[in-house]
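Asker: missing the sequence, but the structure's below:
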């Protein structure tokens, strides 16, 4: 009879945790609502130097307005004040989007939840084994935010919810 390892136990707890989509939906909704209520529009300044065309953020004082975004995807496509390399020839830098920020925040939340479940108690070798098994199990919520957004495309209704 094989012995269940700490890694297998943690993976089982994580799979069980992921079955309940309500909590991840609440986190996604709260993050989007916070981005909307606390954020300001950013304009993209496109600079074409002949050999390279990049866009850079320029913060405005204009607050977001629900009526400007027919869908949640429209809102999440807004630029942030941060830039990232594109790794595309001829287009060196681009603005990050609110969607990028949402994905990063969801990943951080998942890591916090994993630590609550015991990830931080594993040795380095056990942690490596856990991440390998998790990668093959398809249980990391890479699509949590996009799945939530897909089900909540009416941006006005999403922002109007009092649940977040």
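Answerer: Ah, there it is. Everything numeric in this text was worked out from a predicted model, so none of it was measured. Numbers count the residues shown, from 1 in each chain.
Asker: elements contacting the lowest-mean-pLDDT helix or strand in the chain?
Answerer: Here the helix or strand of the chain ranked lowest by mean pLDDT, DSSP states H and E is helix 144-151, holding a mean of 85. The contact analysis (3 or more C-beta pairs under 8 Å, 6 or more residues apart in numbering; DSSP states H and E) places helix 144-151 against helix 21-38, helix 72-76, helix 98-117. Every residue, glycine included, has its C-beta placed from N, CA and C.
Asker: contacts only, for the residue nearest in space to the middle of the chain.
Answerer: Centroid-nearest residue in the chain, with C-alpha atoms, centre = their mean: residue 103, separated by 1.0 Å. Residue 103 makes contact with residue 145, according to C-beta atoms under 8 Å, 6 or more residues apart in numbering.
Asker: let me have the helices and strands packed on helix 144-151 in JSON lines, extended by distance to residue 65.
Answerer: Formatted as JSON lines, these follow (distance: least, C-beta to C-beta, whole Å):
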{"stretch": "helix 21-38", "distance to residue 65": "9"}
{"stretch": "helix 72-76", "distance to residue 65": "10"}
{"stretch": "helix 98-117", "distance to residue 65": "15"}
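Asker: in a markdown table, list those along with mean pLDDT.
Answerer: Shown next, in a markdown table, are those (pLDDT from 0 to 100):
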| stretch | mean pLDDT |
| --- | --- |
| helix 21-38 | 89 |
| helix 72-76 | 94 |
| helix 98-117 | 92 |
